[in-house]
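> Got a sequence here, can you build the structure:
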Amino acid sequence: MSTDWVSAPTARTTVRRKADRGRYERDIVHAVLDEGLVAHVGFTSDFGVAVLPMVYARLADQLYLHGAVGNHMLRALDHADVCVTVTLVDGLVLSRSAFHHSMNYRSVVVYGRATLVADEDEKNRVLRAVVDHMVDGRSQQCRPPTAEELRATRVLRIPLQEASAKVRTGPPIEDASDVALPYFGGVVPLSLVRGAPVADGL
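Take a look at the predicted model:
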């Protein structure tokens, strides 16, 4: 097994549909997680199956989720199986046929067992990493968490041991018979752009 892989593909992480788009390299998985801002977390609780969006952070080969100690999802996830996805949409792929419309994207799927982070030093590092994930270097430009705030926050750790990425790039796939049709074919690029900060006026 290549040491550049997050893990060897498993039955859950092997990309089957458009298998050539599947990627298992550590640097690609990390890059998507580091660029994304929202993770969708799938889990099962007493209320059934749910998927919720969350801010997250990655430190080395660990993915972290956080929230209030009373957060139902985080309480349900402790020592439970979880599926986390992060998707970046890079473009709308417009084909001359409706059938071949698509998107250019980079996505990551992570499977694992979430465990509670009890160590306060690790929790502090994670919460700083969450802030830095939102704005690079921000944790050095704001007040750090207090002991009371650390106690009020639940942090879960998910190892990046079972993960894969899927990537699509390039123009639309066109049927030869459609190329001469008088319709646009190409890509509309998409990107997330940070605006200038707006002060709160306080």
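> Using the three-state scheme, assign Ile28.
helix (DSSP: H, G, I helix; E, B strand; the rest coil).
> how distant is stretch 55-68 from the center of its chain?
Remark: stretch 55-68 is offset 10 Å from the chain centroid, using CA atoms, centre = their mean, to the nearest Å.
> Residues touching it, excluding its own?
6, 26, 30, 33-34, 37-39, 41, 54, 73-74, 77, 84, 86, 110, 112, 114, 117, 125-127, 129-130, 132-134, 152-161 (CB atoms under 8 Å, 6 or more residues apart in numbering). Yep, even glycine has a C-beta here, placed from its N, CA and C like the rest.
> List only buried entries from the residues you listed.
Listed as buried from those are 6, 26, 30, 33, 39, 41, 73-74, 77, 84, 86, 110, 112, 114, 117, 125-127, 129-130, 133, 153-160; burial here means 16 or more other CB atoms under 10 Å.
> Looking at the residues you listed, which are in strands?
Judged by DSSP state E, strands contain the following of the buried ones among the contacts of stretch 55-68: 39, 41, 84, 86, 110, 112, 153-159.
> for the residue of the chain most remote from its centre, helix, strand, or coil?
Ranked by distance from the centre of the chain (CA atoms, centre = their mean), the top residue is Ala180, with 39.3 Å. For Ala180, the assignment made with three-state DSSP gives coil.
> Next up, the contacts around it.
Ala180 makes no contacts at all, as judged by CB under 8 Å, 6+ apart.
> so what's the backbone phi/psi at it?
Main-chain torsions, Ala180, degrees, to the nearest 10: phi -80, psi 0.
> Could you report the pLDDT at it?
Ala180 is assigned a pLDDT of 95 by the prediction.
> go on, Ser2?
pLDDT for Ser2: 45.
> Tell me which other helices or strands the strand or helix carrying Val187 touches.
According to DSSP states H and E, Val187 maps onto strand 186-189. The contact analysis (3 or more CB pairs under 8 Å, 6 or more residues apart in numbering; DSSP states H and E) places strand 186-189 against strand 81-94.
> Buried ones in the strand it packs on, by neighbour count?
Within strand 81-94, the residues that count as buried by 16+ other CB under 10 Å are Val82, Cys83, Val84, Val86, Thr87, Leu88, Asp90, Gly91, Val93, Leu94.
> Tell me what the second one is bridged to.
So that's Cys83. Counting by DSSP bridges, Cys83 forms beta bridges with Gly42, Tyr111.
> Hmm, it is touching Thr44, no?
No. Checked against CB atoms under 8 Å, the pair Cys83 and Thr44 is beyond contact range at 10.0 Å.
> What score does Asp46 have for pLDDT?
Looking at Asp46, its pLDDT reads 80.
> excluding its backbone neighbours, what's nearest Leu77?
In this structure, Leu77 finds its nearest non-sequential neighbour in Ala114, 4.4 Å apart by CB to CB, 6 or more residues apart in numbering.
> Glu162 too?
Closest residue to Glu162 apart from its sequence neighbours, by CB to CB, 6+ apart: Tyr111 at 4.5 Å.
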